[in-house]
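Enquirer: Could you look at this predicted model? Sequence included:
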Amino acid sequence: MTDDNKTPLLDKISAIKDLRRIPESDLQRLAAELRHETIRAVAKTGGHLGAGLGVVELTVALHYVFNTPDDRLIWDVGHQAYPHKILTGRRDRIETLRQRDGLSGFTKRDESEFDPFGAGHSSTSISAGLGMAVASDLQSTPRNVIAVIGDGAMSAGMAYEAMNNAGASESRLIVILNDNDMSISQPVGAMSSYLSRLITSEPFHSIRDLVREVTSKFPAEIERTARRAKDVARDLIGVNSVFSQLGFMHIGPLDGHDVNQLLPILKNLRDTHTNGPVLLHVVTEKGHGHPFKDQSHEKYHAVPKFDIITGTQQKSAGNVPNYTSVFANSLIKAAEADSKIVAITAAMPSGTGLDKLKAKFPSRVFDVGIAEQHAVTFAAGMASEGMKPFCALYSTFLQRGYDQLIHDVCLQNLPVRFAIDRAGVVGADGATHAGIYDVAYLSCLPNMVIMCPSDEAELIHMVATSVAYDDGPSALRYPRGEGVGCELPDEAEILPIGKGRMIREGDDIAILSLGTRLTDCLAAADAMAVQGVNVAVADARFAKPLDTDLLAHLATNYRKLVIVEENSPGGFSAHVMTYLANHGLLDTGLQVRLMTLPDIYIEHDSQAGQLALAGIDAAGIERMLTSLSSASASGKASTL
């Protein structure tokens, strides 16, 4: 037994076949043990907790009823899948969650055969599930395909695009709508449970048969009661719901925390082989069963390590503000002086700091749900009418609105300000959330200005610069986590667009840094100075437009140039190289080294660990400088 004998049933499960040997009467108790194990694990590792706690009973029921992994079970987003991982042979590794060489915080195909589709971004499960269902039909391989999607993820257009397609398909797809915010229906009751079981049973596949059966339960002479029963039947099976209009058989809602309600319905769905899609609506509570969940609505969505007894979360020892809060405070100050400033986010008000702005200016902050495409074009519409919209999104999620960014913003040269949070490596969230492509995919767009602060003081100046810049679109990108601890200015300065700065001059080698790599560049240069090598350091400040005067200075005054950026290949460094080549600045023998992130997907680790792996931390930059310096001293030629 483990953990003071608190999980005796769970301890019997080493493979999914063990789960299916447990009597149905013990499954509710098993769910309680699985919830305890999930809390215990996340207390030690940190991670997404609330969503997983909300689907514990559903997880048990799904794996108990369906023949996973042959039946495909897809968890939308994936951060609700921690209980799923525990049940599917990964319990012994659950304390490696989100750590280097450990379990991913999301579902991942190469981690387990029970993860048929990887996820990190939301609202992909129905599309993937339909693809799997159609593929199974084409290959004559009968299987159930189940997609579990939250009500928040249903706010994304992609989910409805998939449902529209699925509704016109004859392929069998089961979509489970995990409604954990009571956003669609009222609480469930006994009649709801009865109707849900009834509609999934073999004799009742038509609405007419269902209504006939329901009304038979009431006294025939009470016409009003009978009419009401018909209305209830239609409502609870979703005859007039948006899902039924899209072609789904809509079942529910029912209590997602009651295994005894879930089992018979899931069995009926498993054993009924009618064509077409089904939507099962279950109501759950995010964070269900956690003793501290009432302390804050969002507190246990994503958490650091915490004390399992008190709920106290592990906090940073320092008092350095994080970049998100610096951005939010700067925007609040700007909004106090300019009533045209508005802000838009896509279901991430606290993650982007806009909750602080909304507290002060509730009518000027708009959360559009998980709908980045809409957010971008919504911002463009506001900009076209003279407002100053800040579209605040994580870098990884801005990718989802890229066509709108090109077509609706840049092509029309509208002054939308993109506040790009979590730019660069993001640590434990890993490859699915890495914000490492935005410089590359933004710098190729005409009219776009891209600002990259090197510290939190520069971020304050760049927020003011974004407010002042009204000639077209602009982007301001900043990383996850705390700043460098520099002194913050009392007043923001408006920076000249496209102009960098020399931090220090040197002798033979120069570094051109973009963004927050500057601190490590300076540390590497300091280490070289101890060895008697004076390295120049410049801060680009802007990825676009390029500071051509600064580039000319570096190219003509130094023999070697190292360009450092926390971004994928094809970004700032590539544009600098293009400029240097096209203007003959490489013809004098200037040797250039590009230090970007490698052309791989960097898996979850600490941010420091990811930067070290990429070789663009202080130690890696110092190694590059030492190599260049040694080559000069020995008279060896250095290749580009």
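Expert: Yes, it's here.
Enquirer: surely R143 meets D137?
Expert: No - here R143 lies out of contact with D137, judged by C-beta atoms under 8 Å, at a distance of 9.9 Å. C-beta coordinates here come from the backbone N, C-alpha and C atoms, glycine included.
Enquirer: Domains in the protein, by residue range?
Expert: Listed domain ranges for the chain are 10-291, 323-477, 501-634 (source: automatic domain parsing).
Enquirer: So which of these is nearest G483?
Expert: domain 323-477 (3.3 Å; C-beta to C-beta).
Enquirer: Could you tell me the end-to-end distance of the closest one?
Expert: Taking C-alpha to C-alpha, to the nearest Å, domain 323-477 runs 10 Å from one end to the other.
Enquirer: Could I get the average pLDDT for that domain?
Expert: Averaging pLDDT along domain 323-477 gives 96.
Enquirer: next one: it to chain centre, how far?
Expert: 16 Å (C-alpha atoms, centre = their mean, to the nearest Å).
Enquirer: and what of stretch 55-69?
Expert: Computed by C-alpha atoms, centre = their mean, the chain-centroid distance of stretch 55-69 equals 25 Å.
Enquirer: Flag every buried residue along it.
Expert: Applying a neighbour-count criterion of 16 or more other C-beta atoms under 10 Å, the buried positions in stretch 55-69 are 55-66, 68-69.
Enquirer: Out of those residues, the closest to V283 would be?
Expert: Of all these, the one sitting nearest V283 is L58; the distance, using C-beta to C-beta, is 10.7 Å.
Enquirer: show me the contacts for that closest one.
Expert: 148, 176, 178, 256, 262, 282, 284 (C-beta atoms under 8 Å, 6 or more residues apart in numbering).
Enquirer: That one sits in which helix or strand?
Expert: helix 56-65 (DSSP states H and E).
Enquirer: what do R143 and D137 both touch?
Expert: Here R143 and D137 have no joint contacts, going by C-beta under 8 Å, 6+ apart.
Enquirer: Turn the buried residues of stretch 55-69 into TSV, columns for distance to Y441 and pLDDT.
Expert: TSV is the format used below for the buried residues of stretch 55-69 (distance: C-beta to C-beta, whole Å; pLDDT from 0 to 100):
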residue	distance to Y441	pLDDT
V55	34	92
V56	39	94
E57	41	95
L58	37	96
T59	36	95
V60	42	97
A61	42	97
L62	37	97
H63	39	97
Y64	44	97
V65	43	97
F66	39	97
T68	37	97
P69	35	97
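Enquirer: rewinding a little: which single one of the contacts of L58 is nearest to V365?
Expert: Within the contacts of L58, proximity to V365 (C-beta to C-beta) peaks at N178, which comes in at 27.0 Å.
Enquirer: How about A328: what's its closest non-neighbour residue?
Expert: Distance criterion C-beta to C-beta, 6 or more residues apart in numbering; nearest residue to A328, sequence neighbours excluded, is G353 at 3.0 Å.
Enquirer: and the one you found, what are its phi and psi?
Expert: Backbone geometry at G353, expressed as degrees, to the nearest 10, gives phi 80, psi 0.
Enquirer: if we can go back for a sec, tell me the most buried of the domains of the chain?
Expert: domain 323-477 (a mean of 22; mean count of other C-beta atoms under 10 Å).
Enquirer: Just want the angle from the helix ranked longest in the chain to helix 56-65.
Expert: As assigned by DSSP state H, the longest helix anywhere in the chain is helix 27-45. Comparing the axes of helix 27-45 and helix 56-65 via axes from the mean of the first three to the mean of the last three C-alpha atoms, to 10 degrees yields an angle of 120 degrees.
Enquirer: What is helix 27-45 packed up against?
Expert: For helix 27-45, the packing partners by 3 or more C-beta pairs under 8 Å, 6 or more residues apart in numbering; DSSP states H and E come out as helix 50-54, helix 56-65, helix 82-85, helix 259-271.
Enquirer: Just the helices from the stretch 151-300 of the chain, written as ranges.
Expert: 157-167, 190-200, 207-215, 223-236, 242-245, 259-271 (DSSP state H, counting those that start in this stretch).
Enquirer: Hmm, T465 is touching M451, no?
Expert: Yes - using C-beta under 8 Å as the test, T465 is close enough to M451 to be in contact (6.6 Å).
Enquirer: who touches both of those two?
Expert: Contacts common to T465 and M451, judged by C-beta under 8 Å, 6+ apart, are L495.
Enquirer: TSV for the domains of the chain, including distance to V484?
Expert: Listed next are those as TSV, based on distance: least, C-beta to C-beta, whole Å:
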stretch	distance to V484
domain 10-291	23
domain 323-477	5
domain 501-634	5
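Enquirer: Which one of those domains has the poorest average confidence?
Expert: Across the domains of the chain, domain 10-291 gives the lowest mean pLDDT, at a mean of 80.
Enquirer: That domain: how far from the chain's middle?
Expert: On C-alpha atoms, centre = their mean, the centre of domain 10-291 falls 22 Å from that of its chain.
Enquirer: Check A317 and give its pLDDT.
Expert: 57.
Enquirer: related to what we said a few turns ago, which one of the contacts of L58 sits closest to S25?
Expert: L262 (14.2 Å).
Enquirer: Show the residue spans covered by the helices in the stretch 451-600 of the chain.
Expert: In the stretch 451-600 of the chain, the segments counted as helices under DSSP H, counting those that start in this stretch are 456-468, 518-530, 548-557, 572-582.
Enquirer: Looking at those, spot the one closest to Y394.
Expert: helix 456-468 (16.0 Å).
Enquirer: returning to what we had before: so which of the contacts of L58 belong to strands?
Expert: Cross-referencing these against strands under DSSP state E gives 148, 176, 178, 282.
Enquirer: ok, now how distant is the residue nearest to A328 from N329?
Expert: Separation of G353 from N329 (C-beta to C-beta, to the nearest Å) stands at 8 Å.
Enquirer: how about the residue nearest to G386 when sequence neighbours are not counted, phi and psi?
Expert: Among residues not flanking G386 along the chain, K340 sits closest, at 6.7 Å (C-beta to C-beta, 6+ apart). Phi and psi for K340, reported as degrees, to the nearest 10, are phi -80, psi -10.
Enquirer: The buried residues of stretch 55-69 into JSON lines, with extra columns for distance to D526?
Expert: Listed next are the buried residues of stretch 55-69 as JSON lines, based on distance: C-beta to C-beta, whole Å:
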{"residue": "V55", "distance to D526": "51"}
{"residue": "V56", "distance to D526": "52"}
{"residue": "E57", "distance to D526": "57"}
{"residue": "L58", "distance to D526": "55"}
{"residue": "T59", "distance to D526": "52"}
{"residue": "V60", "distance to D526": "56"}
{"residue": "A61", "distance to D526": "59"}
{"residue": "L62", "distance to D526": "56"}
{"residue": "H63", "distance to D526": "55"}
{"residue": "Y64", "distance to D526": "60"}
{"residue": "V65", "distance to D526": "62"}
{"residue": "F66", "distance to D526": "59"}
{"residue": "T68", "distance to D526": "55"}
{"residue": "P69", "distance to D526": "53"}
